[in-house]
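> give me a 3D structure for the following:
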Amino acid sequence: MSFCFNFVVPEQTINPDDVDGNELEIKKKDSAAKSTEDSTKPAEPVKEAKKHLPPSDPQFLPMDAVFETVTIGTLPPLHFLNETVFEKTASERDDGEKILSRTAEQKSDLISGVYEGGLRVWECTYDLLDLIEKRGETFGGKAVLDLGCGAGLLGILALKRGAKQVHFQDYNSTVVEQLTVPNVILNCQEDDEVDSGDHEEGRAKGKVQEEAGCDRKVKEKEKLRDSNPPPKKRASDPSQHPSVGKCCFFSGDWSTFLALVLKSDPPPKYDIIFTSETIYNTAYYPALHETLHKLLAPDGLVYLATKSHYFGVGGGLHLFKTFVEQRGDFSVDHLWDGEEGLQRHVVALRLKTAKGP
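Purely as a prediction, here's the structure:
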């Protein structure tokens, strides 16, 4: 199935022949600011946030689940359910939001305000995993938020590397319930089998393959398997797994998610916030900025992975940086800039120190 973005955020156009260099730069910044303020709103009302509990059913993960594994450098293997399974079994799945059928009908990875692309692992997630591996980032004792988590690979990595708490958030409840939560349980069970020395015998039936279109190499032990190994050993109650107990799962719009978590006593503050491929729509910038500002710990770090521009959608790094700079709450540092094809980036956001009187 081929997909495309199917909505457009209007942008201001500038004719370079009409202005000199300095004036052009000023107009570009004014244009970016106006775009973020006047962009179209989501097609449907914001989705109310809710908290999702891990299932207690020991057979929650189907025995014939097809999953992929990504292994980058020294990072632990990360497993996630195959995207194509959702497409082929859409009619059989519990999908109160109807996002599986609607995305299939419209052949789109994004339907603004309805479905925000969470079933697919996007390219910039792999860029961020690469960077974490190169930086040797560990998460021991840290509170982590995977914002716009989708498959949850970034949060799962933090969990595997010792985070004390990991919260996952995605717009769609279907994504959280049928993809994020199963992926967390799948990886926790896998860790149990590695620790018990029964890794090979206990693997779930599935195929291990590279993400389409991404140049990722996997270790030899993660190559394609077509055999039918014995069933994976399962915890009697997945929700009681020690690692799963460190996790919380949320769905909903960022504004309602923020309101929900701020009701906690005490409200959470995250040492690390991951957010990948989330700045494609300028209409969402205010809610995203507010969420990051309210939830990041004073010395915390936001890892933002993004493309330079999202064609057909309107957002991108330049527009978001302009928005952030105007708000004045964060500093933005480039950690990695890709040079090939459509340029991709990883940047860090840090809260600025308190200003004097």
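
> which regions of this structure sit below the pLDDT cut-off?
Residues of the chain that meet the criterion pLDDT under 70 lie in 1-45, 58-64, 87-92, 104-108, 191-236, 239, 354-357.

> in it, which spans are strands?
Secondary structure of the chain, counting by DSSP state E: strands at 4-5, 50-52, 67-70, 78-81, 108-110, 143-147, 165-170, 247-251, 270-276, 296-307, 330-337, 344-351.

> let's have the ones you listed in TSV, adding mean neighbour count and distance to Gly117.
Just so you know, the C-beta spots here come from the backbone N, C-alpha and C atoms, and that holds for glycine as well. Converted to TSV, these look like this (neighbours: other C-beta atoms under 10 Å; distance: least, C-beta to C-beta, whole Å):
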stretch	mean neighbour count	distance to Gly117
strand 4-5	14	9
strand 50-52	15	19
strand 67-70	22	17
strand 78-81	24	15
strand 108-110	20	5
strand 143-147	26	14
strand 165-170	26	9
strand 247-251	23	14
strand 270-276	24	11
strand 296-307	20	13
strand 330-337	14	22
strand 344-351	19	16
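
> OK, contacts around Ser331?
349-350, 352 (C-beta atoms under 8 Å, 6 or more residues apart in numbering).

> what's the closest of these to Arg93?
For the contacts of Ser331, the residue nearest Arg93 by C-beta to C-beta is Leu349; the value is 35.7 Å.

> surely the closest one touches Gly300?
No: under the criterion of C-beta atoms under 8 Å, Leu349 makes no contact with Gly300, lying 9.2 Å away.

> what about Glu123, how many neighbours?
18 (other C-beta atoms under 10 Å).

> wait, doesn't it sit right on Arg344?
Yes: Glu123 is in contact with Arg344 according to C-beta under 8 Å; the separation is 6.6 Å.

> what is the burial count for the nearest residue to His293 once chain neighbours are set aside?
Closest residue in space to His293, ignoring its immediate chain neighbours: Asp329 at 5.2 Å, by C-beta to C-beta, 6 or more residues apart in numbering. Asp329 has 16 neighbours, counted by other C-beta under 10 Å.

> go on, Val114?
For Val114, using other C-beta under 10 Å, the count is 19.

> for Pro266, same thing?
Residues contacting Pro266 under the criterion other C-beta under 10 Å number 6.

> quick one: contacts for the residue nearest to His293?
Asp329 sits next to 289, 293, 351-352 when contact means C-beta under 8 Å, 6+ apart.

> let's see 10 Å
289-290, 292-293, 296, 349-352 (C-beta atoms under 10 Å, 6 or more residues apart in numbering).

> could you do Gln240 as well?
With contact set as C-beta under 10 Å, 6+ apart, Gln240 has these partners: 54, 56.
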